[in-house]
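S.K.: Okay, predicted coordinates and the sequence, questions at the end:
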Amino acid sequence: MNVLFATQGKYGERIASFVAANRPEGWEILRLPLSRSLPVVIDDPDEVLPAALPAADLLVSLHESPGAAELIPDIARRCGAVAVLAAVDDRAACPRGLENQIGKRLGAMGVAFAFARPLCGFDGGPHPLLSAFAERFGRPRMRIDADGDRVGLVTVERDCPCGAGRFVAKVLPGTRLSEAADTGALRHHHHPCMASMEVDPELSDTLMHLSGYIFRAAIDAALRRK
C-alpha cells in the first residue's frame, strides 16, 4: 500500500515520520509538504500543487489550515488515491461546512473517506485501506500487566499515528493501578500533539481534552482485561 501524507508543518511531519519508521512490510510512505501560507480560498490548485504527484492508494491529510483542507480532493485526484483519511485536530482548520463540501467532492469522485476527530480516535472504515491503516495506527490499545497494586509491563498493541501510545506506555510502569488512567490521560498531554486547545462548538470541549479521554478509556479497558 502506498500512503501519501500531505503535511503543512512540523506536527504533521512528525506523524508521517513516525508512521514511516513503524510501517508494516509492504507499505511505502510518500510525502507532500504544503505551504503554511496557503490562501483560505484556492481558485487554481495548479498554483499551489506540484504538476505531478506520486501514485498513492491512501491519502492522509494532516492539514493545518482551511486552504490545505480544501485541496484534499485535488490531491486525491492527482495521486489516484481510492481512500482519504483527513485529520480533524483543529476545527478552525476544517470547519464542519468545509468538511461536508470536501466529503461531497470525494464522494462524487468515488473516493472513500473518513474525517477523524481527533486522529487518535480513528477506528477504521469505510474502506479496507482505511481499516488497514487503523489496524496499525489508530485509537490506542494497550495491555497492562499488574505488579501487585501497581502497573507492571505495558504493551502497546495499537499505537496512535503520532506515537503517543508508546510515550504513555513508558511512563505508566510503577503507577498505582487506581491512578493509572488519570496519570496516562495527564501525561499524554506532554507528547507533541496536533489536537487543538480551542473549544469545539459541537463538543463544548477541546479536541486536546477529547484525546486525553481517549487515552483514559484505553487504559481503563486494558485494566479491565488484565
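M.R.: It's in. Here the structure is a predicted model, which is why all the values come from computation and not from measurement.

S.K.: remind me which residues of this structure are low pLDDT?
M.R.: Regions of the chain meeting the criterion pLDDT under 70 cover residues 226.

S.K.: List the buried residues for the longest helix along the chain?
M.R.: The longest helix of the chain (DSSP state H) is helix 207-225. Using 16 or more other Cβ atoms under 10 Å as the test for burial, helix 207-225 gives 207-212, 214-216, 218-219, 222-223. Bear in mind the C-beta positions are built from the backbone N, C-alpha and C, glycine included.

S.K.: Let me have these in a markdown table, extended by distance to P118.
M.R.: Shown next, in a markdown table, are the buried residues of helix 207-225 (distance: Cβ to Cβ, whole Å):
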| residue | distance to P118 |
| --- | --- |
| L207 | 5 |
| M208 | 8 |
| H209 | 10 |
| L210 | 6 |
| S211 | 5 |
| G212 | 10 |
| I214 | 8 |
| F215 | 11 |
| R216 | 14 |
| A218 | 13 |
| I219 | 17 |
| A222 | 20 |
| L223 | 23 |
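
S.K.: Was I right to think P140 contacts V154?
M.R.: No - using Cβ atoms under 8 Å, P140 is not in contact with V154; the gap is 11.0 Å.

S.K.: Please identify which of these two sits among more neighbours.
M.R.: P140 (27 against 22; other Cβ atoms under 10 Å).

S.K.: which ones are touching the more buried one?
M.R.: Applying Cβ atoms under 8 Å, 6 or more residues apart in numbering, we find P140 in contact with C120, V156, R158, D159, C160, A164, G165, V168, I214, F215, A218.

S.K.: Quick one: residues in contact with the strand ranked longest in the chain.
M.R.: Longest strand of the chain, by residue count under DSSP state E: strand 150-158. Strand 150-158 is contacted from outside by 135-146, 165-166, 169-170, 172-177, 180, 222, using Cβ under 8 Å, 6+ apart.
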